[in-house]
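[1] I would like to see how this sequence folds:
(chains A and B)
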Amino acid sequence: MKLPSYSPLFAVFIGAISWVVPGLGQIVLGHRARGIVILVGICGLFMLGLWIGSIGVIDPVQAVLWYGGQMLASPVVAFIADYTRPVNGIWPYSSNGRPYEIGQIYTAIAGALNLLCIVNAMYIAYTGKQQPDGGENA
Amino acid sequence: MQCTLPTPENSSLTEEKMLDILASFTAPITVSNGPAMFGWVLPLVIVIAFVYKATKIPEPFSWYKLIRESVILILTIVVVMALIAAALQAILWLVTVKM
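    Numbers count the residues shown, from 1 in each chain, chains lettered A, B, ... in the order given. A predicted model of the protein is given here:
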């Protein structure tokens, strides 16, 4: 099925696939290099955050706001959260201190960056052109 | 269905390596509390700069332009953060030592 381009529906579809896999929206729209940079950057940052603080940094019970930011990176985060939820009041993958903070910052910023990329992909899908640069160092 | 965990007898080297990699995500690493801790900001700044610039580089896409502008942005962020840290340190010194 060929989706109509430059329509709100097409932009929403591109936004949805960009959320599931960061950068996929740009790749589907033909901006392959741009999409690959986004994919490698966001997934790399998210994985690095998980490696530093362990998967325990995804905490939908005690760190709801951070979890909201992490969810922006991909819906896959919800599947990881299933493993990190406390069972009978005990966290299976406990993490605390500096690694926990750094891991949360990395993963939540990966989510915030993905939001930026989702908006970018939706803009390209709706208007058919790249967002304006806004100057040399914008 | 019975699930068999890989053991040295029934698993290949690749499986063991995969399990080692997965296991490294289940416990936090050790992060020092010294000045070296600030080095952890660098991967974050690098990724932010590259991803942000990837969304801003106009068509036709140029790797040279992406790298050049990302490096400028990384240096700008690091230098400005260092200047802010120096200014805050100076204020702290003025408040605690001079006053």
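[2] Can you tell me the element the closest residue to chain B within chain A falls in?
    Here chain A gets closest to chain B at one residue, residue A:99, 3.6 Å apart by C-beta to the nearest C-beta. The way it works is simple: take the backbone N, C-alpha and C, and place the C-beta from them, glycine included. Under the criterion of DSSP states H and E, residue A:99 resides in helix A:97-127.
[3] quick one, helices of chain A?
    A:8-20, A:24-28, A:32-53, A:64-71, A:76-84, A:97-127 (DSSP state H).
[4] now swap in chain B and tell me
    Under DSSP H, chain B gives helices at B:13-23, B:41-56, B:63-93.
[5] residues of the first one that come out buried?
    Of the residues in helix B:13-23, none count as buried by neighbour count, 16 or more other C-beta atoms under 10 Å in any protein chain shown.
[6] anything in that helix near chain A?
    No: residues of helix B:13-23 contacting chain A under C-beta under 8 Å from any C-beta of the partner chain: none, with a closest distance of 9.4 Å.
[7] what's the average pLDDT for that helix?
    Summarised as a single mean, pLDDT over helix B:13-23 is 78.
[8] circling back to that earlier point, pLDDT on the helix holding residue A:99, on average?
    Throughout helix A:97-127, pLDDT has a mean value of 92.
[9] From the contact counts, what lies against it?
    Counting contacts by 3 or more C-beta pairs under 8 Å, 6 or more residues apart in numbering or on different chains; DSSP states H and E, helix A:97-127 packs against helix A:8-20, helix A:24-28, helix A:32-53, helix A:64-71, helix B:41-56.
[10] Format the helices of chain A as a markdown table; extra columns: mean neighbour count.
    Shown next, in a markdown table, are the helices of chain A (neighbours: other C-beta atoms under 10 Å in any protein chain shown):
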| stretch | mean neighbour count |
| --- | --- |
| helix A:8-20 | 17 |
| helix A:24-28 | 22 |
| helix A:32-53 | 22 |
| helix A:64-71 | 18 |
| helix A:76-84 | 15 |
| helix A:97-127 | 21 |
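[11] of these, which approaches residue B:62 most closely?
    Among the helices of chain A, the nearest to residue B:62 by C-beta to C-beta is helix A:32-53 (9.0 Å).
[12] Low-confidence ranges, chain B, go.
    B:1-12 (pLDDT under 70).
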